[in-house]
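[1] Give me a 3D structure for the following:
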Amino acid sequence: MDLEGFGLRVGHRFNDPELLRRALTHRSYGAPHNERLEYLGDSVVNCAIALELFHKFPQLSEGDLSRLRASLVNQQSLCTVAQRFGFGEQILLGEGEIRSGGFRRPSILADAVEAVVGAVFLDGGFDSAGKVVRTLFADALAAVDPRTVGKDPKTLLQEYLQSRRLALPQYVVVATRGEAHQHVFQVECVIADLNIRSLGEGNSRRSAEQSAARRAYELATGNA
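    Coordinates of the predicted model:
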């Protein structure tokens, strides 16, 4: 675990590195773990994203802003952030979670993102936490489009392809991991006409398909 290097990767130099270590410690590893920091970070992430959207889209109503925020702050999007910044490589897990692939599990990854933001908030205040949130969500914030409010990634991708008279994507389960009650599905989304293949993971086949569709949509529209 490279605490200093990882902190700098997400945009914060910790005065108290132990906070970051705790944020990256799953309860299966032992105490102190990251659940309280995750609780705090959940509120900080939502507030920071709300503030960004409030300034970026002054014309939008409260309802539309809330829907945009929900599209940015959810388990799938947090998992995507974690994968892009290498959270899985840093999380401390118990032996059972390691064997079952816990470092890839969307819920564990999403919780770790929120816990790290909570740790930054305690270490440096809201301004520092907001900076980290902007770093982590930079791609998502740049790509967010009010016209797609309320539409899930599979719907967006289907509408995009239909508008260009292209064949609809195919979704294929390529792997499953974990025990029966904690399956992690890996799904590939294939768009043959555009030569696009994207992978997504989730706790259900549906969530994995949505994750793969989101990535495929980003690649198709040039927002990857």
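[2] Which pLDDT does the model give the residue most central in space within the chain?
    Nearest to the mean C-alpha position of the chain, by Cα atoms, centre = their mean, lies residue 78 at 1.9 Å. As predicted, residue 78 sits at a pLDDT of 93.
[3] Name the residues that touch the helix or strand encompassing it?
    When elements are assigned from DSSP states H and E, residue 78 belongs to helix 75-84. The contact list for helix 75-84 (Cβ atoms under 8 Å, 6 or more residues apart in numbering) reads 45, 71, 87-88, 106-107, 109-110, 112-114, 136-137, 139-140, 201-202, 207, 210-211, 214-215. Where you see a C-beta, it was placed from the backbone N, CA and C, and this is true even at glycine.
[4] Out of these, which sit inside strands?
    Those of the contacts of helix 75-84 mapping onto strands are 201, 202, per DSSP state E.
[5] any idea where the strands of this protein begin and end?
    170-177, 184-191, 196-202.
[6] Which residues are in contact with the residue nearest to residue 122 when sequence neighbours are not counted?
    Distances taken as Cβ to Cβ, 6 or more residues apart in numbering place residue 19 nearest to residue 122, at 5.9 Å, with adjacent residues excluded. Counting by Cβ under 8 Å, 6+ apart, residue 19 makes contact with 37, 119, 122, 123.
[7] Go again with 6 Å.
    119, 122, 123 (Cβ atoms under 6 Å, 6 or more residues apart in numbering).
[8] Output the strands of the chain as TSV; include the columns mean neighbour count, mean pLDDT and distance to residue 131.
    Formatted as TSV, these follow (neighbours: other Cβ atoms under 10 Å; pLDDT from 0 to 100; distance: least, Cβ to Cβ, whole Å):
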stretch	mean neighbour count	mean pLDDT	distance to residue 131
strand 170-177	13	92	34
strand 184-191	22	94	31
strand 196-202	21	92	28
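[9] could those strands be laid out in CSV, adding distance to residue 5?
    Formatted as CSV, the strands of the chain follow (distance: least, Cβ to Cβ, whole Å):
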stretch, distance to residue 5
strand 170-177, 28
strand 184-191, 27
strand 196-202, 25
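[10] Which residues belonging to the helix holding residue 78 are considered buried?
    Applying a neighbour-count criterion of 16 or more other Cβ atoms under 10 Å, one finds 75, 76, 77, 78, 79, 80, 81, 82, 83 buried in helix 75-84.
[11] how far away is the second one from residue 154?
    With distances defined as Cβ to Cβ, to the nearest Å, the gap from residue 76 to residue 154 amounts to 12 Å.
[12] again, but for the last one
    Summarising the geometry, the distance separating residue 83 from residue 154, computed by Cβ to Cβ, is 19 Å.
[13] what's the answer for the third one, then?
    As judged by Cβ to Cβ, residue 77 and residue 154 stand 15 Å apart.
[14] Same check on the fourth one?
    In this structure, residue 78 and residue 154 are separated by 19 Å, where distance is defined by Cβ to Cβ.
[15] In the chain, where's the longest helix?
    helix 106-136 (DSSP state H).
[16] What's the ChimeraX syntax to select whichever of the contacts of helix 75-84 are buried?
    To isolate the buried members of these in ChimeraX, using 16+ other Cβ under 10 Å:
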select :45,71,87,88,106,109,110,112,113,114,136,137,140,201,202,207,210,211,214,215
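[17] domain assignment for this structure?
    As assigned by automatic domain parsing, the chain contains the domains 3-145, 153-221.
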